[in-house]
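1. let me see the structure of the following:
(2 chains)
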Amino acid sequence: KNEVEQSPQNLTAQEGEFITINCSYSVGISALHWLQQHPGGGIVSLFMLSSGKKKHGRLIATINIQEKHSSLHITASHPRDSAVYICAVRGYQGAQKLVFGQGTRLTINP
Amino acid sequence: GAGVSQSPSNKVTEKGKDVELRCDPISGHTALYWYRQSLGQGLEFLIYFQGNSAPDKSGLPSDRFSAERTGGSVSTLTIQRTQQEDSAVYLCASSLGDRVGEQYFGPGTRLTVT
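-> Below is the predicted model:
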């Protein structure tokens, strides 16, 4: 079993829909990252969070430390949101490396 | 300011040859990471440098892989005697190095071993 599990693996939706991508992890963490990777493009960090909730534009990330679960939400989705979204966690005690989920491929159709 | 840069952007090499991949982190970032993304696979950690501390090499897949970081800035990832399974996108990231620092990724080097 992977330390970081994402669901769904693939998601197709229509423009305007509310999107939720989930991430569950099995280890204690100091921080959780949500990353975005466009086809052929580099990786952009969307959020880094260790508790609660963060919002940036139409994107919202939440984390529940007790349940070892995080969600990434996209409101009023747009075709330009089509990308792979990756959840990654960082452990404790100076273990700075990230452990990644397999990613969720999101396609938003116009 | 400039982000993380990597070179070359693409590298095609023959099986058995050695390759060097370069990463220039963001100025002032003390932490530097190498990751690999194989086709159809997720990202995996390779090696981590933090200041003058000994690097965390726990992710290097074999002794054919090595990395160094000179002067606390530029890093080079070397793969000796390349194999076809080494084909992947190699990504570098840097951060300020504090305990929960955000990581900034470079564009990656796509390595193809023929």
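2. show me where pLDDT drops low in chain B?
-> Counting by pLDDT under 70, the low-confidence segments of chain B come to B:1, B:98-100.
3. where exactly do the strands run in it?
-> Ranges of strands in chain B, per DSSP state E, are B:5-7, B:10-13, B:19-24, B:31-37, B:43-50, B:65-69, B:75-79, B:88-95, B:104-105, B:109-113.
4. in CSV, list those strands along with mean neighbour count and distance to chain A.
-> Where C-beta positions appear, they are placed from N, C-alpha and C, glycine not excepted. Formatted as CSV, the entries for the strands of chain B read as follows, by neighbours: other Cβ atoms under 10 Å in any protein chain shown; distance: least, Cβ to the nearest Cβ, whole Å:
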stretch, mean neighbour count, distance to chain A
strand B:5-7, 17, 9
strand B:10-13, 14, 12
strand B:19-24, 19, 13
strand B:31-37, 24, 6
strand B:43-50, 21, 4
strand B:65-69, 17, 13
strand B:75-79, 19, 15
strand B:88-95, 23, 7
strand B:104-105, 20, 4
strand B:109-113, 18, 10
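5. can you say which of those is nearest to residue A:47?
-> Taking Cβ to Cβ, strand B:104-105 is the member of the strands of chain B nearest to residue A:47, at 13.7 Å.
6. chain center to that closest one: distance?
-> Average the C-alpha atoms of strand B:104-105, do the same for its chain, and the two points are 11 Å apart (Cα atoms, centre = their mean, to the nearest Å).
7. partners of it in the sheet?
-> In the sheet containing strand B:104-105, its partner strands are strand B:88-95 (antiparallel), by DSSP bridges.
8. from the rest of the structure, what touches the partner strand?
-> Contact with strand B:88-95 is made by A:42-43, A:96, B:4, B:6, B:21, B:23, B:25-26, B:29, B:31-39, B:41, B:43, B:46, B:75, B:77, B:101-106, B:108-111, as judged by Cβ atoms under 8 Å, 6 or more residues apart in numbering or on different chains.
9. could I get the CA-only coordinates of stretch A:42-56 as CSV?
-> Included here for stretch A:42-56 are C-alpha records, laid out as CSV according to Å, rounded to 0.1, in the frame of the first residue of the first chain:
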residue,chain,number,x,y,z
GLY,A,42,6.7,21.8,-15.1
ILE,A,43,5.3,21.4,-11.6
VAL,A,44,3.8,24.3,-9.7
SER,A,45,3.2,24.3,-6.0
LEU,A,46,-0.4,25.2,-5.2
PHE,A,47,-0.6,24.9,-1.5
MET,A,48,1.5,23.8,1.5
LEU,A,49,-0.5,23.2,4.6
SER,A,50,-0.1,21.6,8.0
SER,A,51,-3.6,22.3,9.4
GLY,A,52,-6.9,23.7,8.6
LYS,A,53,-7.7,25.3,5.3
LYS,A,54,-6.2,27.5,2.6
LYS,A,55,-7.8,29.4,-0.3
HIS,A,56,-6.3,30.9,-3.4
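10. now do the buried residues in it.
-> Along stretch A:42-56, these residues count as buried under the neighbour rule (16 or more other Cβ atoms under 10 Å in any protein chain shown): A:42, A:43, A:45, A:46, A:47, A:48, A:49.
11. quick check: residues of chain A near chain B?
-> Near chain B, the residues belonging to chain A are A:30-31, A:33, A:35, A:41-45, A:48, A:50, A:86, A:88, A:90, A:94-103 when assessed by Cβ under 8 Å from any Cβ of the partner chain.
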